[in-house]
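*Asks:* attaching a predicted model along with its sequence, questions to come.
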Amino acid sequence: MPKMPRIPKIRKKALIQIGGIVLILIVIAAGFFLHLLPGPSALAHLLDKKTGAATVAVSDDLPSLLSPGMNLPLIAGFTSAPEEQYTPLTLRFLDLSRGVPVQWAWDFGDGTESSLPDPIHTYTSAGLYNVSLTVTRSDGSGRTVTHTDVLDTLKPAGHTVLVDTLREGVLEKGSEVTFLSMAPDASVAIGGKQYPVPNGSVVRLRTGTPGTGSMNIRGGRLVSFAFPDVTLFINGTQVAEGTSGDCILPSTRYFQTNLTFTVRPTKGEMRQVSIDGSVVRAGAENSLIRITHRSDDRNGDLTLVTNPAYFEGLATTIDLTATVIAGFNPETVVNGEAPLDVTFIDTSAGSPAAWHWDFGDGATSDLQNPSHTYAIPGSYSVTQTVRLGDQADTITRKNIIVASPPRVMANFTASTLRGPAPLTVHFSDTSINAPTIWVWTFGPNSTPLNSSVKDPVVTYPDPGTYTVSLTSGNIYGSSDLIRPQYITVINPFRIPTETVLVKTGKRGYIEKDSVIEFTVQDVPATISINGGSRDLPKGTVIRLEAVSDQQGEIYMEKGGILKFSFPDMALYENGDLVAEGSVDSIYIPYLSDFRTSLSYYLVPNSAYTLVTENGYDVLGDLDHAWIRIENLGMNNAGSLRLTSTDNVTYIDGAANQTVHDWVIK
């Protein structure tokens, strides 16, 4: 019997081809009928050229980013998924390019090509194929992207994984989900706003930074993708960026994930890690866990929560890497007086094999549980580094050790505890154990009232008794000292005098703003000032005023001025300033209306000093007092003599215009 021809097999192949063409035509007709005509990457247009994202018919709420400007960059991109209606060797390629391409050139890696935006390709045999897509814009510019090892039948089957831990995890940067939305009322929340997704659009959600959050996939639908930095792409165009939330996606196709979930190594509780139903981790441990999820299971479920870390679903790979984590006690700050002995207990995780300690004072150790003595007061940070093979971890606890000196004890002295007002007192800090901070209070009306310097100088203007307090301290502590009624200020000696006689080897000077004033009653009268000589008419009111503190000489006799020599004086005639400078000589034969506010000051140096008032000795021995004579003028005989140099002071006159103060320290 002759062999029957192989017509049935040929007819079967032809029928399959015809059925495929009919199916494509049905899909295209459905797309036109339902108005599913979006821009680039739309899966409804399987045979038509794309006209760009600007043709997408979307609701008014969809941002204008769906209509990119003319100068958007051209970026090639695509993804692939098994075609449901075809054999396992048939893939659907989805164009995800941006920049409004108008031409597509596919190279499927097996010698075949296509110019469709979203082609379907069947490989004749299983294998590893490199697929390239070249997209071209209307201005002729083009971009190419290549994906290696494309064919789902060769990808690992994956594992069912459950990770339940109290530790924190993150979804790594670049993790994404891609799918085709097949419902007219779909939307995705970004930044608190719900963005509508047109029916038939390719949607991609991608993380921009490692972040904490959660995602939930149920039956191939994305229920939530809640992370702080997510970019939403619709048909290859970036639509929004920000914090993502709930997703309303009633129906999707070609669902794909590309996720990397990491549980970082910390010392924490691991409830359970199971792979394909077998528990591989539980209890307290510190492994680094990295889960890679590459799935296109259209009916798969996935739950992912980052804090505390939880993952349940399919995983392409799961890596559990034991790590070392540095740690030591004391966990809290240790205080004590130097020298301070401290023992450190290693609490590191991961069974390290080597240790290195830096105690913060220049000393180190390689022991696991070292002891160290802090000899010098100070605050110290301690660093521990642990190693296991190529792994290392370091921890630093800042200012964990405080070695303090003996406690500061406040104390002070004062140079003058009692004297007439105004009384100036020099305070000296004598606190022990190196204070660096001082807080003084001196009592009411003092100048100043408070001070933060070590050795302040204070003036008490009013009589009374004053309590002084000092708080001295440093970074390790402080101490207080209060001395009630420590300073006594009495009323100044006020002695009206007719004659004053001073003879001493101490230096003195008339003080700034000292003044003598008189009326010229006899001529000729002259004065030489600043190199020029002036005649002073009878009846002229003369005022000589000291511009600065200065030394010089005065000689008055019988109501006349025979000498008045000072280097820095101002001369007024009848109230007008007429000259300023050095007074070299003066001759006033007779004057009247003599007034003075001459103040003479003797510096506090040790020298034999004779001071008499009204013929009575006030000082007659070596002294180091400072002395001020106010309103120095003529005595009853009309005489005043003053000689002031660096080592001689001689005064013979009176202070009979007003009372004056002697203030002697």
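*Replies:* Now that the structure is in, tell me what you want to look at. Quick caveat: nothing in here was measured; it's all calculated off a predicted structure.
*Asks:* could you pull up phi and psi at the nearest residue to T317 once chain neighbours are set aside?
*Replies:* Excluding the flanking residues, the one nearest T317 by CB to CB, 6 or more residues apart in numbering is T292, at 4.5 Å. Quick note: C-beta positions are derived from backbone N, CA and C, even for glycine. Torsion angles at T292 (phi, psi; degrees, to the nearest 10) stand at phi -110, psi 130.
*Asks:* give the contact list for T292.
*Replies:* 259-260, 315-318 (CB atoms under 8 Å, 6 or more residues apart in numbering).
*Asks:* output these as JSON lines; include the columns distance to R206.
*Replies:* Shown next, in JSON lines, are these (distance: CB to CB, whole Å):
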{"residue": "L259", "distance to R206": "11"}
{"residue": "T260", "distance to R206": "12"}
{"residue": "A315", "distance to R206": "19"}
{"residue": "T316", "distance to R206": "18"}
{"residue": "T317", "distance to R206": "20"}
{"residue": "I318", "distance to R206": "22"}
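*Asks:* show me which of those residues are buried.
*Replies:* 259-260, 315-316, 318 (16 or more other CB atoms under 10 Å).
*Asks:* need the nearest residue in space to P308, chain neighbours excluded.
*Replies:* L166 (4.8 Å).
*Asks:* what values do phi and psi take at the one you found?
*Replies:* According to degrees, to the nearest 10, L166 has phi -80, psi 0.
*Asks:* for D621, same thing?
*Replies:* phi -150, psi 180.
*Asks:* can I assume it is in contact with A607?
*Replies:* No. Assessed by CB atoms under 8 Å, D621 is found out of contact with A607, at 10.3 Å.
*Asks:* the contacts of T292 in strands, which ones?
*Replies:* 259-260, 315, 317-318 (DSSP state E).
*Asks:* so P420 touches I490, yeah?
*Replies:* Yes. Contact status for P420 versus I490: in contact at 5.3 Å, counting by CB under 8 Å.
*Asks:* how about the secondary structure of A126?
*Replies:* The three-state assignment at A126 reads coil, by DSSP: H, G, I helix; E, B strand; the rest coil.
*Asks:* I'd assumed V150 was in contact with it.
*Replies:* No. Counting by CB under 8 Å, A126 does not reach V150; the two are 11.9 Å apart.
*Asks:* what about the two, which has more around it?
*Replies:* Ranked by neighbour count (other CB atoms under 10 Å), A126 and V150 place V150 first, with 22 against 12.
*Asks:* who does the closest residue to T441 other than its chain neighbours bridge with?
*Replies:* Distances taken as CB to CB, 6+ apart put S469 closest to T441, at 4.9 Å, once the chain neighbours are dropped. For S469, the beta-bridge partners are T441, I482 (DSSP bridges).
*Asks:* count of neighbours near S469?
*Replies:* Per other CB under 10 Å, the neighbour tally for S469 reads 18.
*Asks:* residues contacting it?
*Replies:* If you count contacts by CB under 8 Å, 6+ apart, S469 has them with 440-441, 480-483.
*Asks:* circling back: of D621 and A607, which one has the most company?
*Replies:* More crowded of D621 and A607, by other CB under 10 Å: A607, with 16 against 8.
*Asks:* quick check: bridge partners of the more buried one?
*Replies:* D623.
*Asks:* isn't it right up against K503?
*Replies:* No. Using CB under 8 Å, A607 is not in contact with K503; the gap is 10.3 Å.
*Asks:* quick one, what contacts Y650?
*Replies:* 502-503, 641-643.
*Asks:* try 6 Å this time
*Replies:* Residues near Y650 by CB atoms under 6 Å, 6 or more residues apart in numbering: 503, 643.
*Asks:* and the helix or strand containing it, which strands flank it?
*Replies:* Assessed by DSSP states H and E, Y650 sits inside strand 649-653. Strand 649-653 sits in its sheet next to strand 500-504 (antiparallel), strand 640-644 (antiparallel), going by DSSP bridges.
*Asks:* so which of the ones you listed comes closest to A183?
*Replies:* strand 640-644 (108.6 Å; CB to CB).
*Asks:* which regions of the stretch 251-400 of the chain lie under the pLDDT threshold?
*Replies:* 296-299, 331-333 (pLDDT under 70).
*Asks:* at 80 instead, please
*Replies:* 267-268, 281-285, 294-300, 322, 330-333 (pLDDT under 80).
*Asks:* quick one: T292 from V161, how far?
*Replies:* 10 Å (CB to CB, to the nearest Å).
*Asks:* rank the strands paired with strand 649-653 by pLDDT, which is bottom?
*Replies:* If you rank the strands paired with strand 649-653 by mean pLDDT, strand 500-504 sits at the bottom with a mean of 89.
*Asks:* what residues does it touch?
*Replies:* 607, 609-612, 649-653, 655.
*Asks:* measure Y555 to D576 for me?
*Replies:* From Y555 over to D576 (counting by CB to CB), the distance is 27 Å.
*Asks:* go on, T260?
*Replies:* Between T260 and D576 the computed distance is 95 Å (CB to CB).
*Asks:* point out where the stretch 451-600 of the chain drops to low pLDDT.
*Replies:* Ranges of the stretch 451-600 of the chain meeting pLDDT under 80: 475-476, 490-498.
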